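**Q** curious how this folds, go ahead:
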Amino acid sequence: MIRPILAAFIAVSLLVFPQSAAAAADDSTVHQIGTYDYLVQPDFTGLAQADKVTEDTTLGLGTFANLDGELVMVGGVAYRVPTTGIPERITGKELTPFIQAIKFKPTKSGPIPPGTQCSQLIPAINELVGTDQGIIAVRVRGTFTKLETRSVPKQTQPWPSLSTVISQQTQFTLDGNTAVLVGFRQGSDFLGVGQPGLHLHGLTPSKNAGGHVLSCTAGSDVQLSVQRASSVDIKN
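**A** Down below sits the predicted model:
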């Protein structure tokens, strides 16, 4: 269950970004199960099946019940990246405590200068959309001279803190790979809904590697595309 204070906050936030008729037509809503605030409690219990939000969306990220791997969705197809680092296509029936997904239709795009690091992407995103607030869907694709991803192992109750889970992570070095990184930039007005700042998961075109993005450095052909969300629909 979403905590009452957070639910009230979300209701107020949606007034800031009302869904216009035009936005409804292109479905720029973020569809979500759970919240980042829910994970931080901590609680990793599955709230709903992944397909509750992945059936009608094309880009997204999240995790699975018990934090059993990283979820990444590109082109409408969702994968689980376990600690082996090898993506597995999901059925959609898997339970999840947290997913964010959107029907991605980028409204702005631009090249990323070679050498740009993932930690430096937020100013470029904010410049493209003209604001540092709201939730922005993000796709970054091209060749990365440096790319580090991770996955975490399945957890059991009593739930450990997220920081404890992260200390158990398995890291993957994907330097020199072409990849698609997808996710969301959360503004300060949506704290608790998603991970603060920029949250990206990645996948290689061959679907042989991916995970939660820890760091990256852009090569010579990296393109950034963004879409500003009109609203958030949280299911649980």
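
**Q** right, and the helix or strand after the biggest strand by length in the chain?
**A** As assigned by DSSP state E, the longest strand anywhere in the chain is strand 135-151. Following strand 135-151 in sequence order, the next helix or strand is helix 162-166 (DSSP states H and E).

**Q** touching that following helix from outside, list them.
**A** Contacts with helix 162-166, where a contact means Cβ atoms under 8 Å, 6 or more residues apart in numbering, come from 39-40, 42, 67, 152, 155. In short, each C-beta sits where N, CA and C put it, glycine included.

**Q** so where's this protein shaky on pLDDT?
**A** 1-26 (pLDDT under 70).

**Q** list the contacts of the closest residue to residue 102 other than its chain neighbours.
**A** Distances taken as Cβ to Cβ, 6 or more residues apart in numbering place residue 137 nearest to residue 102, at 4.7 Å, with adjacent residues excluded. Contact partners of residue 137, counting by Cβ under 8 Å, 6+ apart, are 30, 59, 102, 104, 106, 182-184, 226-229.

**Q** what of residue 188?
**A** 132-133.

**Q** ok, now with 7 Å
**A** residue 133 (Cβ atoms under 7 Å, 6 or more residues apart in numbering).

**Q** what of residue 152?
**A** 67, 165-166, 168-169.

**Q** give me the neighbour count for the nearest residue to residue 139 once chain neighbours are set aside.
**A** In space, and not counting its chain neighbours, residue 139 is closest to residue 225: 4.6 Å by Cβ to Cβ, 6+ apart. Neighbourhood size, residue 225 [other Cβ atoms under 10 Å]: 19.

**Q** and residue 225, what are its bridge partners?
**A** residue 109, residue 139 (DSSP bridges).

**Q** any idea how far it is from residue 208?
**A** Between residue 225 and residue 208 the computed distance is 23 Å (Cβ to Cβ, to the nearest Å).

**Q** same check on residue 105?
**A** Taking Cβ to Cβ, one finds residue 105 at 28 Å from residue 208.

**Q** quick one on the thing from earlier: CA atoms of the longest strand of the chain as CSV?
**A** The C-alpha trace of strand 135-151 is given here as CSV (Å, rounded to 0.1, in the frame of the first residue of the first chain):
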residue,chain,number,x,y,z
ILE,A,135,9.3,13.5,-14.3
ILE,A,136,11.2,13.1,-17.6
ALA,A,137,11.4,9.9,-19.5
VAL,A,138,14.9,9.4,-20.9
ARG,A,139,16.6,7.3,-23.5
VAL,A,140,20.4,7.5,-24.1
ARG,A,141,21.7,5.3,-26.9
GLY,A,142,25.0,4.8,-28.7
THR,A,143,28.5,3.5,-27.9
PHE,A,144,29.9,4.0,-24.5
THR,A,145,33.7,4.0,-23.9
LYS,A,146,32.9,3.3,-20.2
LEU,A,147,29.8,1.5,-19.0
GLU,A,148,29.3,-0.1,-15.5
THR,A,149,26.0,-1.8,-14.6
ARG,A,150,24.9,-4.0,-11.7
SER,A,151,22.3,-6.4,-10.4
